[in-house]
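Trainee: starting from these lines, generate the structure:
(one chain, ligands or ions: 2)
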Amino acid sequence: MKYLMILAASLIGTQAFAAGETVEINPPAEGSISTEDALAAWDRIYEVASHPRCSNCHVGPSNLPMWSGPSYGKARPHGMNINAGESRVGAEFVQCSTCHAYREIATGDRLEHSAPQVAMDWRLAPVEAEWFGKSSVEVCNQLRNPELNGDRDYLAIASHLDHDLILHWAWNPGAGREPAPYSLQEHVNDVLAWGVGGMPCAND
Ligand code: HEC
Ligand code: HEC
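Mentor: Ligands and ions are numbered 1, 2, ... in the order given. Here you go, the predicted model:
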């Protein structure tokens, strides 16, 4: 079932991003990335991961999505008492999809301060993927740990980035919101370089 959902999402993804937004997954040759280069790639990965367009959903056991970044002023939990609950989709309270409705073609949000809508179910990231407010070393150790990263190696992380349409939105968030830094392709390249370089973290 999960496989089918991912398949469906990637088919829709191809359609919605036919205009040159598809991502190539070409890892550098084994042995071509030094630890130093891999750590530099990690620094850029962390700039993305800690950016509000990513970290607002990558929150921990509070189950509270965040509103942070220049368009929100001061960082604070999502307004209107939104709580995602353990379901991470608000099933226990108000479902995220009430406002973050599925949109067939994700074009970026048209109106400032409207609820983001993408061609995928809007939900909080798993509690193990808590990034909000965490340091570079903490997020690095989480993301290389299969027990905390959804049991993915670096190639699987890179292809997840390609298939996840929420991620595509983060680089094309539309009215009033800053996009995540670099580009999706550059981010995927950095994940591949970090992986080929042995997934080092600064505390090794
Ligand atoms: C709307 C909320 C939301 C936003 C915004 C979001 N994510 Fe996620 N993220 C998720 C969900 C849900 C999952 C779990 C998906 C799965 O496992 O299939 C996830 C999983 C991941 C994973 C898999 C590894 C792990 O630890 O579980 C990575 C990597 C990731 N996201 C990166 C990003 C990046 C990079 C951005 C910003 C460019 C981002 N996410 C923005 C909700 C979000
Ligand atoms: C009552 C409507 C409503 C519901 C229900 C709702 N949201 Fe939102 N959400 C919004 C609006 C509106 C915004 C944008 C506010 C703004 O830009 O000032 C938003 C923004 C967000 C953002 C920030 C996106 C960004 O980086 O700019 C996240 C994360 C988010 N919602 C997650 C969730 C999650 C997870 C759920 C379900 C647990 C949820 N929301 C339920 C209306 C809603």
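Trainee: any idea how many residues pack against residue 91?
Mentor: 13 (other C-beta atoms under 10 Å). Quick note: C-beta positions are derived from backbone N, CA and C, even for glycine.
Trainee: state the pLDDT value of it.
Mentor: Confidence at residue 91, expressed as pLDDT, is 96.
Trainee: leaving out sequence neighbours, find the closest residue to it.
Mentor: Closest residue to residue 91 apart from its sequence neighbours, by C-beta to C-beta, 6 or more residues apart in numbering: residue 85 at 6.2 Å.
Trainee: now do the contacts for residue 62.
Mentor: By C-beta atoms under 8 Å, 6 or more residues apart in numbering, the residues touching residue 62 are residue 77.
Trainee: whoops, I mixed them up, residue 118
Mentor: 100, 102-103, 106, 165-166, 168-169.
Trainee: quick check: it vs residue 33, distance?
Mentor: 32 Å (C-beta to C-beta, to the nearest Å).
Trainee: just give me the neighbour total for residue 83.
Mentor: Residues near residue 83, counting by other C-beta under 10 Å: 14.
Trainee: now do the one 3 residues further on
Mentor: For residue 86, the number of neighbouring residues by other C-beta under 10 Å comes to 10.
Trainee: cool, residue 172 as well?
Mentor: By other C-beta under 10 Å, 18 other residues sit near residue 172.
Trainee: could I get the phi/psi values of it?
Mentor: The phi/psi pair for residue 172 (degrees, to the nearest 10) reads phi -140, psi 60.
Trainee: that one against residue 179, yeah?
Mentor: Yes: using C-beta atoms under 8 Å, residue 172 is in contact with residue 179, at 6.6 Å.
Trainee: I'd assumed residue 97 was in a helix, is it?
Mentor: Yes: according to DSSP: H, G, I helix; E, B strand; the rest coil, residue 97 belongs to a helix.
Trainee: that one and ligand 1: what is the separation?
Mentor: 11 Å (C-beta to the nearest ligand atom, to the nearest Å).
Trainee: name all residues that make contact with that residue.
Mentor: Here residue 97 is in contact with 89, 121-122 (C-beta under 8 Å, 6+ apart).
Trainee: kindly report the same for residue 175.
Mentor: 108-112, 114.
Trainee: give me the subset of those residues touching ligand 2.
Mentor: Applying C-beta under 6 Å from any ligand atom to the contacts of residue 175, one finds that residue 114 fall near ligand 2.
Trainee: least confident of the contacts of residue 175?
Mentor: Within the contacts of residue 175, pLDDT is lowest for residue 108, at 72.
Trainee: what about that residue, neighbour count?
Mentor: Here the count is done by other C-beta under 10 Å, and residue 108 has 16 residues near it.
Trainee: now residue 44: closest residue in space that isn't a chain neighbour?
Mentor: residue 190 (5.0 Å).
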